[in-house]
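A.B. asks: Could you work out the structure for the sequence below:
(chains A and B)
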Amino acid sequence: MVLAEYQVTLKDGSVRSYPAGTRFSDIAASISAGLAREAVAAKVNGKVVDLSRELDGNVELELLTLKDPEGVDVMRHTCAHVMAQAVARIFPGTKFAIGPVIENGFYYDFADHVFTPEDLPLIEEEMRKIIKEDYPVIREVLSREEALKMFSEREDRFKVEIINDLPESETITIYRQGEFADLCRGPHLPSTGRIKYFKLMSIAGAYWRGDSSREQLTRVYAVAFAKKSDLEEHLRLLEEARQRDHRKLGKELGIFMLSKEVGQGLPLWLPKGAKVRRVIERYIVDLEESLGYHHVYTPHLANVELYKISGHWEHYHEDMYPPMQMDNEELVLRPMNCPHHMMVFRSEMHSYRDMPLRIAELGTMHRYEMSGALAGLQRVRSMTLNDAHIFLRPDQIQEEFTRVVKLIERVYKDFGIKDYYHRLSFRDPEDKQKYVQNDEMWEKAQTMLKQAMDDLGLDYVVAPGEAAFYGPKLDVQVKTALGKDETLSTVQLDFHLPNRFDLEYIGEDGKAHRPVVIHRGIVGTMERFVAFLLEQYKGAFPTWLAPVQARIATVAGDYVPYAEEVADRLRQQGFRVEVDGRSEKIGYKIREAQVNKIPYTLVVGEKEQSAGALSVRKYGQGDLGSMSIEAFERQLRKEVDSKALLVQP
RNA sequence: GCCAGCGUAGCUCAGCAGGUAGAGCAACUGACUUGUAAUCAGUAGGUCGCAGGUUCGAUUCCUGUCGCUGGCUCCA
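C.D. replies: Residues are numbered from 1 along each chain as shown, chains lettered A, B, ... in the order given. Predicted coordinates for the structure are as follows:
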């Protein structure tokens, strides 16, 4: 029998022909000895498969090595199997759930064994043995019955569930390495010996299939890289991230504190943190007022009836503190400000000419967040939102939305925030029941948001299922130091609350019409925003925000009166200045000012006093030499006005 | 809320075969009067998160509880 020949188009564009059934590993060998040695997987018509798979048609072929990110991911996946194999050896009876590749590594979820951190080195050691033993990783196709039989016998309840949930058309495969086999669609390295550098990182709980009503498994997280230097670099970055964690910096710099005496998730803003917050609040309130927002004050408590009208009581009461019965009222701590602002709107008649009407507030709210979700200032139970509700005619939505997005861009620029992305959060088309029922509204609004973003020339990702139940939204996402995604700003369309509160305005036609509401937070909550800034600036707030902008350090006690005189003069111009007149050496004072990340350290001694000057040292830049007080004032003023960022040392 | 780990002076940590605790920094006192990232000496500071239990005896072992950390879930 003559075997068919197939055409294989390689990455460089060259075409070779091979007989049907040729393994991709053989093709690699036919190209070069180096490729035969280094290839870890094959990318066939864009799909990554095992090198052991055979040619069955004309294909485009790319042979992947550990220089390719996709090749590294294959290695990570095999490494997950090796970890499972090691666990099976050390802790017999452990059950296996899933072990996918994630950014920088992989995890595997286990059950029926309680892991402790001491287990990790043992598992690593066994993994090294398995890698050294260099088992070929062999793919086997099983029938559904065979697979069910195999995993039922092993009492692997998770694998059995997975198999039962696979569609009929799915080919069921297992991968075998030595005595260990795991249900897996692959692909994998040719053998375990090809795994390079890895490290088991942590243990965590995780629900089976992400469902909190189901069994909780133990997840072991690991990282894996092709090069030792990549692993080391990754660990170094993690350490650096720990150094810029806002909880650590917040404590060191006296920004905020948390204590169980005050209550979980209830932060106290210390004097330095309060100064930063106040500058931000003034900034945003001034900016908003200049853009036609009207700031109001409303109470932190409300009659529970208000939240029954809004619908929050029905949808959100589990996240609210329970009502307090006083006199004839049931009062709750407000979890959001919207209902109060609806009432502000309703306090008088409105004409179509009044719109858009922008009601804003630095609104303090309390939410009963789950204790396990609390984290420093990033996730708290008491927070103040830079909130606003904009009441609009339907024809004004796109224009006003665009205005809000421009405001966000402006603010981010002022704070030097560059690393963020836009997420358009739409409703889940698979589960429309979760949302306010109004198909036409949803389609129109979602299209409009996209259009506005496109017109602004801004990139975005669409996230189906992330919408609020009452309307689609734009979220501005940033990453925390530890790499978690979180929402900093949000702009939400709401077609629901105006109905609940029966809001109306009188249109051009003299008839009553229902307005649309945009909810928006620009700097978000003060808590999360300052946490983010701490991490972004590594604690070195730019001069316009710094709690202490300049510290005057005297060379000796004799110069304290001069230092105080200069400090007073600067304070009268609104600068935040301290004097360090202690009888310490100047080197000591400077070190302390630098550790405290104070933008300017002003050294004064005999020379400065007699010349009416200052020796200026700047954070991250060192000694700038001597300058007159006037020259320094000009520099400071200019820097504050320009909101310039500090240079990191 | 759930799983796991942790909880020692203001801060960072040592104390890992049960015999009532120690360092550095900070604070305070004194000396030094200082020129661009730590002057020297001394003093004070802890019911070892809290509550039970085991033990002649517990910071150390056990149980519970509170808090923190990692992750999951949640996040109008």
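A.B. asks: only C-alpha atoms for contact and neighbour calcs from this point on.
C.D. replies: OK.
A.B. asks: State the pLDDT value of A:V405.
C.D. replies: Per-residue pLDDT puts A:V405 at 96.
A.B. asks: again but with A:M1, I slipped
C.D. replies: pLDDT, A:M1: 54.
A.B. asks: repeat for the one 5 residues further on
C.D. replies: Among the per-residue scores, A:Y6 holds a pLDDT of 91.
A.B. asks: Kindly provide the distance from it to A:S30.
C.D. replies: Counting by C-alpha to C-alpha, to the nearest Å, the separation of A:Y6 from A:S30 is 15 Å.
A.B. asks: again with A:F115
C.D. replies: A:F115 is 46 Å from A:S30, by C-alpha to C-alpha.
A.B. asks: A:S610 too?
C.D. replies: 83 Å.
A.B. asks: Give me the neighbour count for whatever residue of the stretch 351-500 of chain A ends up closest to RNA strand B.
C.D. replies: Nearest to RNA strand B in the stretch 351-500 of chain A, going by C-alpha to the nearest atom of the strand, is A:G372, at a distance of 3.0 Å. Number of residues near A:G372 (other C-alpha atoms under 10 Å) recorded here: 6.
A.B. asks: next one: the one 4 residues further on
C.D. replies: By other C-alpha under 10 Å, the residues close to A:G376 number 21.
A.B. asks: Could you report the separation of the closest residue in space to it that isn't next to it in sequence from RNA strand B?
C.D. replies: Spatial nearest neighbour of A:G376, excluding adjacent residues (C-alpha to C-alpha, 6 or more residues apart in numbering): A:R247 at 5.6 Å. As judged by C-alpha to the nearest atom of the strand, to the nearest Å, A:R247 and RNA strand B stand 7 Å apart.
A.B. asks: helices or strands up against the helix or strand hosting A:R247?
C.D. replies: According to DSSP states H and E, A:R247 maps onto helix A:246-252. Applying 3 or more C-alpha pairs under 8 Å, 6 or more residues apart in numbering; DSSP states H and E, we find helix A:246-252 packed against strand A:256-257, helix A:526-536.
A.B. asks: and the first one, anywhere near RNA strand B?
C.D. replies: Yep, that's strand A:256-257 we're talking about. No. Against RNA strand B, strand A:256-257 shows no contacts by C-alpha under 7 Å from any atom of the strand, the least distance being 9.9 Å.
A.B. asks: What is that strand packed up against?
C.D. replies: Using 3+ C-alpha pairs under 8 Å, 6+ apart, strand A:256-257 is in contact with helix A:246-252, strand A:268-269.
A.B. asks: Can you name the residues in contact with that strand?
C.D. replies: Residues outside strand A:256-257 that contact it (C-alpha atoms under 8 Å, 6 or more residues apart in numbering): A:G250, A:K251, A:P267, A:L268, A:W269, A:L270, A:G273.
A.B. asks: Can you give the distance of it from its chain's centre?
C.D. replies: Distance of strand A:256-257 from the chain centroid (C-alpha atoms, centre = their mean, to the nearest Å) equals 22 Å.
A.B. asks: Partner strands of that strand, with direction?
C.D. replies: strand A:268-269 (antiparallel) (DSSP bridges).
A.B. asks: what residues does the strand it pairs with touch?
C.D. replies: Contacts for strand A:268-269 (C-alpha under 8 Å, 6+ apart): A:I255, A:F256, A:M257, A:L258.
A.B. asks: what's the distance between A:K585 and A:G620?
C.D. replies: Computed as C-alpha to C-alpha, the A:K585 to A:G620 distance reads 21 Å.
A.B. asks: what does A:K538 give?
C.D. replies: 12 Å.
A.B. asks: and what of A:A546?
C.D. replies: Taking C-alpha to C-alpha, one finds A:A546 at 14 Å from A:G620.
A.B. asks: my read is A:P429 is in a strand, agree?
C.D. replies: No. Assigned with DSSP: H, G, I helix; E, B strand; the rest coil, A:P429 falls outside any strand and is coil.
A.B. asks: Tell me who's in contact with the nearest residue to A:M355 once chain neighbours are set aside.
C.D. replies: Nearest non-adjacent residue to A:M355, counting by C-alpha to C-alpha, 6+ apart: A:L392, 5.5 Å away. Contact partners of A:L392, counting by C-alpha under 8 Å, 6+ apart, are A:M355, A:P356, A:L357, A:P515, A:V516, A:V517, A:I518.
A.B. asks: Now with 7 Å, please.
C.D. replies: By C-alpha atoms under 7 Å, 6 or more residues apart in numbering, the contact set of A:L392 is A:M355, A:P356, A:L357, A:P515, A:V516, A:V517.
A.B. asks: Now render those as a markdown table, adding pLDDT, neighbour count and secondary structure.
C.D. replies: Listed next are the contacts of A:L392 as a markdown table, based on pLDDT from 0 to 100; neighbours: other C-alpha atoms under 10 Å; DSSP: H, G, I helix; E, B strand; the rest coil:
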| residue | pLDDT | neighbour count | secondary structure |
| --- | --- | --- | --- |
| A:M355 | 95 | 15 | coil |
| A:P356 | 96 | 21 | coil |
| A:L357 | 97 | 19 | strand |
| A:P515 | 95 | 26 | coil |
| A:V516 | 93 | 24 | strand |
| A:V517 | 95 | 27 | strand |
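A.B. asks: Do you know the pLDDT at A:E60?
C.D. replies: pLDDT recorded at A:E60 is 91.
A.B. asks: Once you drop chain neighbours, what's closest to the spatially most central residue of chain A?
C.D. replies: In chain A, the C-alpha nearest the mean C-alpha coordinate belongs to A:D485, at 1.3 Å (C-alpha atoms, centre = their mean). Counting by C-alpha to C-alpha, 6+ apart, A:K479 is the residue found nearest to A:D485 once chain neighbours are left out, at 4.6 Å.
A.B. asks: quick revisit: how confident is the prediction for the residue of the stretch 351-500 of chain A closest to RNA strand B, by pLDDT?
C.D. replies: At A:G372, pLDDT is 92.
A.B. asks: Surely it is within a strand?
C.D. replies: No. According to three-state DSSP, the state of A:G372 is helix, so it is not within a strand.
A.B. asks: Distance check, it against A:G416.
C.D. replies: Distance from A:G372 to A:G416, by C-alpha to C-alpha: 31 Å.
A.B. asks: again, but for A:R334
C.D. replies: The value you get for A:R334 to A:G416, if C-alpha to C-alpha is used, is 32 Å.
A.B. asks: what about A:Y108, helix or strand, and which?
C.D. replies: Assigned by DSSP H and E, A:Y108 falls in strand A:105-111.
A.B. asks: any residue of that strand up close to RNA strand B?
C.D. replies: No. Applying C-alpha under 7 Å from any atom of the strand, one finds strand A:105-111 separated from RNA strand B by no less than 9.4 Å.
A.B. asks: Tell me the helices and strands packed up against that strand.
C.D. replies: Contact here means 3 or more C-alpha pairs under 7 Å, 6 or more residues apart in numbering; DSSP states H and E; on that basis strand A:105-111 packs against helix A:69-90, strand A:95-96, strand A:216-225.
A.B. asks: Partner strands of the second one, with direction?
C.D. replies: Next to strand A:95-96 in the sheet, as set by DSSP bridges, lie strand A:105-111 (antiparallel).
A.B. asks: what angle do the strand it pairs with and helix A:69-90 make?
C.D. replies: Strand A:105-111 runs at 30 degrees relative to helix A:69-90, counting by axes from the mean of the first three to the mean of the last three C-alpha atoms, to 10 degrees.
A.B. asks: Show me how the record splits chain A into domains.
C.D. replies: A:5-64, A:69-241, A:265-295+A:337-536, A:299-334, A:550-642 (automatic domain parsing).
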